[in-house]
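**Student:** I'll drop the sequence and a predicted model, then ask my questions.
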Amino acid sequence: QVQLVESGGGLEQAGGSLRLSCAASGRIFSINRMRWYRQAPGKQRDLVAVITSGGSTNYADSVKGRFTISRDNAKHTVYLLMNSLKPKDTAVYYCNADITSYTSSGYYMTYWGQGTQITVSS
């Protein structure tokens, strides 16, 4: 069974920084794209950042220049470094990954983490 477990959430003041981690575990053969999403109260879940297995990245306009996504392929982990935090960054952050396991007959499935709350105070 493949799982994604996030850590690093919490409360931070505006202008501060936080780093989120998301570790995948289980019988993993390979991981393709890894992503971070966020969902503010009463709003839809939005894509924040994505990173390919080769390290190419893309960001939502709202976080460009402030957030950095990275990954450690050996550890099956994706990170999100969030700098210059703003109150509008307050949301539950979810990681997401396209994972091929040893039991999936060569097909990948998309897995989600449980979410971690980020609250930015003004």
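**Tutor:** Structure received. Numbering: from 1, shown residues only.
**Student:** what's near enough to touch Val78?
**Tutor:** Residues counted as contacts of Val78 (CB atoms under 8 Å, 6 or more residues apart in numbering) are 21-22, 34-36, 51, 69-71, 95, 97. Just so you know, the C-beta spots here come from the backbone N, C-alpha and C atoms, and that holds for glycine as well.
**Student:** sec struct for the residue in the chain sticking out farthest from the centre, please.
**Tutor:** Relative to the C-alpha centroid of the chain, counting by CA atoms, centre = their mean, Ser105 is the outermost residue, at 25.9 Å. Under the three-state scheme (DSSP: H, G, I helix; E, B strand; the rest coil), Ser105 adopts coil.
**Student:** Look up how far Phe29 lies from it.
**Tutor:** Ser105 is 11 Å from Phe29, where distance means CB to CB, to the nearest Å.
**Student:** Then Asn96?
**Tutor:** To Phe29, Asn96 is 18 Å away according to CB to CB.
**Student:** Show me which residues of stretch 82-90 are buried.
**Tutor:** 82, 85, 89-90 (16 or more other CB atoms under 10 Å).
**Student:** got the contact list for that stretch?
**Tutor:** Residues outside stretch 82-90 that contact it (CB under 8 Å, 6+ apart): 12-20, 38, 40, 62-63, 66-68, 118-122.
**Student:** Kindly recompute the last result at 10 Å.
**Tutor:** 8, 11-20, 36, 38, 40-41, 48-49, 62-63, 65-68, 93, 117-122 (CB atoms under 10 Å, 6 or more residues apart in numbering).
**Student:** cool, stretch 60-71 as well?
**Tutor:** Here stretch 60-71 makes contact (CB under 10 Å, 6+ apart) with 17, 19-20, 22, 31, 33-38, 46-53, 55, 57-59, 77-86, 88-89, 95, 97.
**Student:** go again using 6 Å as the cut-off
**Tutor:** For stretch 60-71, the surrounding residues in contact (CB atoms under 6 Å, 6 or more residues apart in numbering) are 34, 48-49, 51, 57, 78-84.
**Student:** now these as a markdown table including secondary structure?
**Tutor:** Listed next are these as a markdown table, based on three-state DSSP:
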| residue | secondary structure |
| --- | --- |
| Met34 | strand |
| Val48 | strand |
| Ala49 | strand |
| Ile51 | strand |
| Thr57 | strand |
| Val78 | strand |
| Tyr79 | strand |
| Leu80 | strand |
| Leu81 | strand |
| Met82 | strand |
| Asn83 | coil |
| Ser84 | coil |
